[in-house]
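Asks: can you look at this prediction? I've put the sequence above it.
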Amino acid sequence: MCGIIGYIGYRDAGEVITHGLKRMEYRGYDSWGIAVNNDDGLNVYKRVGAIGEIETVDIGNSTLGIGHTRWATHGEPSEINAHPHLDCTRKLAVVHNGIIENFLSLRENLSAEGHKFVSETDTEVVAHLLEKNLNTSLENALIRSLPAMKGSYAIVVTNAGKRELVGCRYRSPLLLGIGDDEYFLASDVTAILEYTNRIVYLEDHDVVTITDEGYTITNSGTSVERAIERIPWSLEDAQRGGYEHFMLKEIHEIPKIIEETLLEYVTDTINLDISLAAGTSEIIFFACGTSYHAALIGKYIIEEVSRIPVRVEYASESNYHRTPLTRSLVIGITQSGETADTLNAMRRAKSFGAKVLAITNVLGSSATRIADHVIYTRAGPEIGVAATKTFIAQLIILYLIASKLAMPPIDETEKFLTEFRMLPEKIRQILDNTQAITNIAKILAGHNSMIYIGRNRGYPIALEGALKMKEISYIHAEGYPAGELKHGPFALLGAKTPVVASVINDHTHEIMLNNIREVKTRGSLIVAITDERDEEVERYVDFTIKTPATSAIFAPITQAVTLQLLAYYTAKRIGCEIDKPKNLAKSVTVE
Ligand code: AGP
């Protein structure tokens, strides 16, 4: 959602914070702000819009400051609503990620006590609460203020003229970066990778106080030690590296990611710990967005090879469904590990006694704190808002889980591993031959609406293809099971509504061709994504994008990469802001 950063050390704080905010822009980019703290007090700088190419801001010499990049929840994007927020004395500056749910009543009470509010945000109450509670130290003021706040928060505060930063977290991410004679607080490790990879992941209720001499952490009043971890990501991973967009770079990283995942989890057998699944009566996936689509594919694959029933639920709907049972294995899939709905669904499942596994890309993320066991995807940092490489990394893990769960007489291990080893090369072929994709993208770019269809494992691919298209090109796109079109969406077919069909070379092939013929007679332009060996489909469609031959079970992977590229080139043709689509944020940390 929003991204926050704090710095204390010897470098120019304005520059460190601007760099950090730029790297966290994917968390929110409708406005941003910085406050630096020096002997003269606080200097505050706020702007509406994205940081863009700005390298540093003219905000006065200082080696201590805080910053924030915003994804508006309370109040429109404006300089007044941008963080940092100040108290009445203009001595305390606060940045916050999360939501103070009871801010209205807090605001009323504080206003009645004489505090003057200038913004519409929930965060401003934090500054005034701190002002009210400041008597001994800033740390103490924060500790006294926290019980009044309901909701989720990562907060960083500074006090004019004092060389001190104080931060705290509850259900929103905050980490401490440790350099040589310098310290950082940030929502995300990518913000500070340029300076350090030594990280302390703060826990819920931790309060950290940092001065030039070092840091201390307390939790509910007790002093605590937290381990320092070294993050294996490099700055290069978080940079565009010559690509026009992060999204394109990240799609191009997919072959390498598959290779690295196999190196990590496969020798001559699959070394993935899924002991939590022992004796399980059902598997329930909770996820949102693209991760939800990965879970749907996981369902098809796991049910095909094991006898375990699998449910897939939108995490945001999990409260309203049958509760997980003690013998259920709940799997939360979340690339960021910070999606509020997925975290809530995992917590709730745990409270019912279910075992909880997390599949995530982010070390130390909140999902890893909740889960009984974690399986990491090895995708490296993903900066583009549209999930691409992390989706494929999730699929690889799900295929590995499926093959571990396979029940005799089915033993797919050998077949899976052979296919896996060939996949990177096949994806490189797709990346090297994008002519058909770019040609079709030109045509699709001229439409306002489109439909994606698929059957069986092709259905979640249709959903994901449509999600990618709509989020970055702003073209209305919906995915449907191919068989469902007749039950309503047929009314939309015609020259203005192209249809993208995911065709898989298995028992669904023939019926998909029937569905395609039905669509054709209603006048829609049809693009089929299919295996290079499929010659039949070309007779019925306007355009075909061929993917390298794979066994049908792996077709979702090659097709997903193809549809990611199709969305990318369509959005590029239209001239969209691909890495930072309007109204979206990479990590959705509110319900
Ligand atoms: C995907 O392109 C999206 N931007 C979005 O749907 C995302 O997958 C969703 O918000 C879930 O995120 P997570 O994997 O970090 O939990």
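Replies: Looks like it came in fine.

Asks: now Arg47: how far from Thr69?
Replies: As defined by C-beta to C-beta, to the nearest Å, Arg47 lies at a distance of 10 Å from Thr69. Glycine gets a C-beta too; all of them are placed from N, C-alpha and C.

Asks: joint contacts of those two?
Replies: Residues touching both Arg47 and Thr69 by C-beta atoms under 8 Å, 6 or more residues apart in numbering: Ser31, Trp32.

Asks: neighbour count winner among the two?
Replies: With neighbours defined as other C-beta atoms under 10 Å, Arg47 and Thr69 compare such that Thr69 has more, 33 against 15.

Asks: so what's the more buried one up against?
Replies: Thr69 makes contact with Cys2, Gly3, Leu21, Met24, Glu25, Arg27, Gly28, Tyr29, Ser31, Trp32, Ile51 under the criterion C-beta under 8 Å, 6+ apart.

Asks: which among those residues gets closest to the ligand?
Replies: The shortest gap between the ligand and any of the contacts of Thr69 belongs to Arg27, at 10.9 Å (C-beta to the nearest ligand atom).

Asks: which residues does the closest residue to the ligand within the chain contact?
Replies: The chain approaches the ligand most closely through Gly289 (1.9 Å), counting by C-beta to the nearest ligand atom. The contact partners of Gly289, taken as C-beta under 8 Å, 6+ apart, are Ala387, Leu467.

Asks: kindly provide the distance from it to Asn583.
Replies: Taking C-beta to C-beta as the measure, Gly289 falls 14 Å from Asn583.

Asks: was I right to think His252 contacts Gly242?
Replies: No - His252 is not in contact with Gly242 according to C-beta atoms under 8 Å; the separation is 10.3 Å.

Asks: for the closest residue to Ala436 other than its chain neighbours, give the beta-bridge partners.
Replies: Of all residues not flanking Ala436 in the chain, Ile545 sits nearest, at 5.0 Å (C-beta to C-beta, 6 or more residues apart in numbering). For Ile545, the beta-bridge partners are Ile529 (DSSP bridges).

Asks: for burial, what's the neighbour tally of Ile545?
Replies: Using other C-beta under 10 Å, Ile545 has 21 neighbouring residues.

Asks: and for Glu213?
Replies: Glu213 is flanked by 8 other residues according to other C-beta under 10 Å.

Asks: after whichever helix or strand Thr438 is part of, which helix or strand is next?
Replies: Using DSSP states H and E, Thr438 maps to helix 435-444. Downstream of helix 435-444, the first helix or strand assigned by DSSP H and E is strand 449-454.

Asks: got the angle for that following strand vs helix 435-444?
Replies: 140 degrees (axes from the mean of the first three to the mean of the last three C-alpha atoms, to 10 degrees).

Asks: I'd like the average pLDDT over the next helix-or-strand element following strand 449-454.
Replies: Later in the chain than strand 449-454, the nearest helix or strand by DSSP H and E is helix 458-473. For helix 458-473, mean pLDDT rounds to 98.

Asks: ok so, going back, the residue nearest to Ala436 and Leu174, how far apart?
Replies: For Ile545, the distance to Leu174 - C-beta to C-beta - is 44 Å.

Asks: those residues of the stretch 351-500 of the chain touching the ligand, which are they?
Replies: Taking C-beta under 6 Å from any ligand atom as the contact definition, the stretch 351-500 of the chain meets the ligand at Val385, Ala386, Ala387, Glu471.

Asks: next one: stretch 52-65 to chain centre, how far?
Replies: 28 Å (C-alpha atoms, centre = their mean, to the nearest Å).

Asks: now tell me what touches that stretch from outside.
Replies: With contacts defined as C-beta under 8 Å, 6+ apart, stretch 52-65 is touched by 6-19, 22, 34-38, 40, 43, 45, 158, 163, 165.

Asks: same thing but at 6 Å, please
Replies: 7-10, 13-15, 17-18, 35-38, 43, 45, 163 (C-beta atoms under 6 Å, 6 or more residues apart in numbering).

Asks: hmm, back to that, more neighbours: His252 and Gly242, which one.
Replies: A side-by-side neighbour count of His252 and Gly242, using other C-beta under 10 Å, places His252 first with 18 against 6.

Asks: all set, thanks.
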